[in-house]
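**Student:** only the shape, not the letters, is given here:
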């Protein structure tokens with residue numbers, strides 16, 4: 001994702017041609033990230049329902065919360 005954002009920065013005076021060129025890969029990357037997040041939520045909920053491994057579900061939710069926090073912290077400043 002960071003590589004695509006940096007690649008979309010064009011030369012001064014270029015307009016938005018570089019951003020339009022990388023729009024499709026950026027959308028694919030964002031949709032893939034959303035799909036992975038939903039998959040992690042479903043997997044952690046299923047793991048919490050199993051009697052053998054509730055700690056794995058809690059750990060996966062904690063790691064997912066850490067990932068979301070790391071992604072949102074730069075937006076707060």
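**Tutor:** Thanks, I have it. Since we're looking at a predicted model, the values are computed, not measured.
**Student:** from residue 48, how far out is the residue minimising distance to the centre of the chain?
**Tutor:** With distances taken as C-alpha atoms, centre = their mean, residue 33 lies nearest the centre of the chain, 4.0 Å away. Taking C-beta to C-beta, to the nearest Å as the measure, residue 33 falls 23 Å from residue 48. Where C-beta positions appear, they are placed from N, C-alpha and C, glycine not excepted.
**Student:** go on, residue 42?
**Tutor:** Separation of residue 42 from residue 48 (C-beta to C-beta): 11 Å.
**Student:** identify the residues contacting the helix or strand containing residue 68?
**Tutor:** Residue 68 belongs to helix 54-76 when assigned by DSSP states H and E. For helix 54-76, contacts defined as C-beta atoms under 8 Å, 6 or more residues apart in numbering pick out 37, 40, 41, 43, 44, 45, 46, 47, 48, 49, 50.
**Student:** these in strands, which ones?
**Tutor:** Among the contacts of helix 54-76, none falls in strands (DSSP state E).
**Student:** just flag the most distant two among the residues you listed.
**Tutor:** Longest distance between any two of the contacts of helix 54-76 is 21.0 Å, between 37 and 50; criterion C-beta to C-beta.
**Student:** and these two? which has more neighbours close in?
**Tutor:** Remark: of residue 37 and residue 50, residue 37 carries more neighbours, 13 against 10, as counted by other C-beta atoms under 10 Å.
**Student:** can you tell me the closest non-neighbouring residue to the more buried one?
**Tutor:** Nearest residue to residue 37, sequence neighbours excluded (C-beta to C-beta, 6 or more residues apart in numbering): residue 64, at 7.1 Å.
**Student:** count of neighbours near that neighbour?
**Tutor:** Neighbours around residue 64, by other C-beta under 10 Å: 16.
**Student:** and stretch 47-57, which residues are buried?
**Tutor:** Across stretch 47-57, burial judged by 16 or more other C-beta atoms under 10 Å covers 47, 57.
**Student:** no no, stretch 56-65
**Tutor:** Those would be 57, 60, 61, 64, for stretch 56-65 by 16+ other C-beta under 10 Å.
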